[in-house]
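>>> Sequence first, predicted model second:
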Amino acid sequence: MKKLFMIAAAASLVATMANAQTTVETTTGAAGATIRIEPEYRTKIKSYVTEHKIRPVETRERIVVGTRVPTEVELEAVPPDWGPSVTKYRYVYSNNRVMLVDPATRTVVHEVD
């Protein structure tokens, strides 16, 4: 019985590791909302910034997950081809990173690296 339990635990660990390699998932916010961005969408996001020559936003304070974006910074609409899980957010490009922002609170909820 102990051997069967160990095999099941190992199989569960391997499945978890495989899933972690294919999907980036972040839990943020007061309600613990999860943002799931598939690898192909992460690639599209990075390509969009380069192809459209998006200028980075410069602020006094560094923009990081969990902080509020200053009101003078314009939040950009997320293009629909970035994936269904992120269309409700806005984004800013800062320090070579795309930061997803909750437009209601202006809080950064995810960093696309």
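Cool, got the structure. Numbering: from 1, shown residues only.
>>> Which residue ranges of the chain form strands?
Assigned by DSSP state E, the chain shows strands spanning 24-28, 33-37, 76-77, 90-94, 97-102, 107-112.
>>> List the contacts of the fifth one.
Right, strand 97-102. Here strand 97-102 makes contact (C-beta atoms under 8 Å, 6 or more residues apart in numbering) with 29, 35, 45-46, 49, 63-65, 69, 75, 78, 86, 89-93, 107-113. From N, CA and C alone the C-beta is placed, and that goes for glycine too.
>>> what's the spacing between it and its chain's center?
Offset of strand 97-102 from its chain centre (C-alpha atoms, centre = their mean, to the nearest Å): 7 Å.
>>> and it with strand 90-94, angle?
Angle, strand 97-102 to strand 90-94, by axes from the mean of the first three to the mean of the last three C-alpha atoms, to 10 degrees: 150 degrees.
>>> what's the answer for the second one, then?
Here the directions of strand 33-37 and strand 90-94 differ by 70 degrees (the same axes, to 10 degrees).
>>> Which strands border strand 33-37, and is each parallel or antiparallel?
Using DSSP bridges, strand 33-37 pairs in its sheet with strand 24-28 (antiparallel).
>>> which ones are touching residue 59?
Residue 59 makes contacts with 69, 70, 73, 94, as judged by C-beta under 8 Å, 6+ apart.
>>> Narrow the residues you listed to those that are buried.
Listed as buried from those are 69, 73, 94; burial here means 16 or more other C-beta atoms under 10 Å.
>>> so where is this protein shaky, pLDDT-wise?
For the chain, the stretches with pLDDT under 70 are 1-33.
>>> Mind listing the residues bridging to residue 91?
Beta-bridge partners recorded for residue 91 (DSSP bridges): residue 76, residue 100.
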